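Colleague: With the sequence up front, the predicted model follows.
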Amino acid sequence: MAALGLALGMSAALTGCSGSLAWLGGEPPPDDNALPPAVSPSLVGRGEWHGGLSRAQSTTYLVARNAAEWQSLWDLVGMRVPGALPERLMALGVFLGSRNSSGAGVEVVNTRVEHRDGMRDRLVVEYHEFDQSSRNTATGSLTSPYAIVLVDWSDAPVRFARVP
């Protein structure tokens, strides 16, 4: 009987690693149904979205200028697309990847056009990473923060820059 209890306990311990957030720790990404249920964010009256959980495992920057790129951006968030990408707008996404802090986050603080002599202008996206958790608190929870903003459409190259 004790052997059966030990076997069941080990089985439970081993399956504990395959929970819905295990993919943040480097396991293969889940299918769409494995993510925690979430209501898709509304596009009405919105120009930006922030969250603490996405499918990004490493720092990733995305620019969405068309419907396919818009869909890919929201696939990385792990939510349904909130609506069609508005005409004359594009989306910029900053994904921090896995963080071992429940207070980790990111925000886009500025976008600006950088004029360069003899070269094409480029759009610079400045973002700020932050951690609101206490340094003395070890939560052990993995997060994967992201920020998405809508800006006027441009065909200029985009550069993402982390700022303090």
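Modeller: Thanks, I have it.

Colleague: Now do the buried residues in stretch 149-164.
Modeller: Val149, Leu150, Val151, Val158, Phe160 (16 or more other Cβ atoms under 10 Å). All C-beta spots, glycine's among them, are computed from the backbone N, C-alpha and C.

Colleague: check contacts around the third one.
Modeller: Taking Cβ atoms under 8 Å, 6 or more residues apart in numbering as the contact definition, Val151 lies against Leu89, Met90, Ala91, Leu92, Thr111, Leu123.

Colleague: quick one: which of the residues you listed is nearest Thr59?
Modeller: For the contacts of Val151, the minimum distance to Thr59 (Cβ to Cβ) is 14.1 Å, reached by Leu92.

Colleague: Need the phi and psi values for that closest one.
Modeller: According to degrees, to the nearest 10, the main-chain angles of Leu92 amount to phi -120, psi 130.

Colleague: Could you report the neighbour count for it?
Modeller: Using other Cβ atoms under 10 Å, Leu92 is surrounded by 22 other residues.

Colleague: List the residues that contact the closest residue to Arg122 other than its chain neighbours.
Modeller: Nearest non-adjacent residue to Arg122, counting by Cβ to Cβ, 6 or more residues apart in numbering: Pro157, 4.5 Å away. By Cβ under 8 Å, 6+ apart, the contact list for Pro157 reads Arg120, Arg122, Leu123.

Colleague: Parallel or antiparallel, which strands does the host helix or strand of the last one pair with?
Modeller: Going back to what we said before, that points to Leu123. Taking DSSP states H and E as the criterion, Leu123 maps to strand 122-131. Under the criterion DSSP bridges, strand 122-131 sits next to strand 104-114 (antiparallel), strand 158-162 (parallel) in its sheet.

Colleague: Sheet partners, orientation included, of the next helix or strand after it?
Modeller: Per DSSP H and E, the first helix or strand lying C-terminal to strand 122-131 is strand 146-152. As defined by DSSP bridges, the strand partners of strand 146-152 come to strand 48-51 (antiparallel), strand 89-95 (antiparallel).
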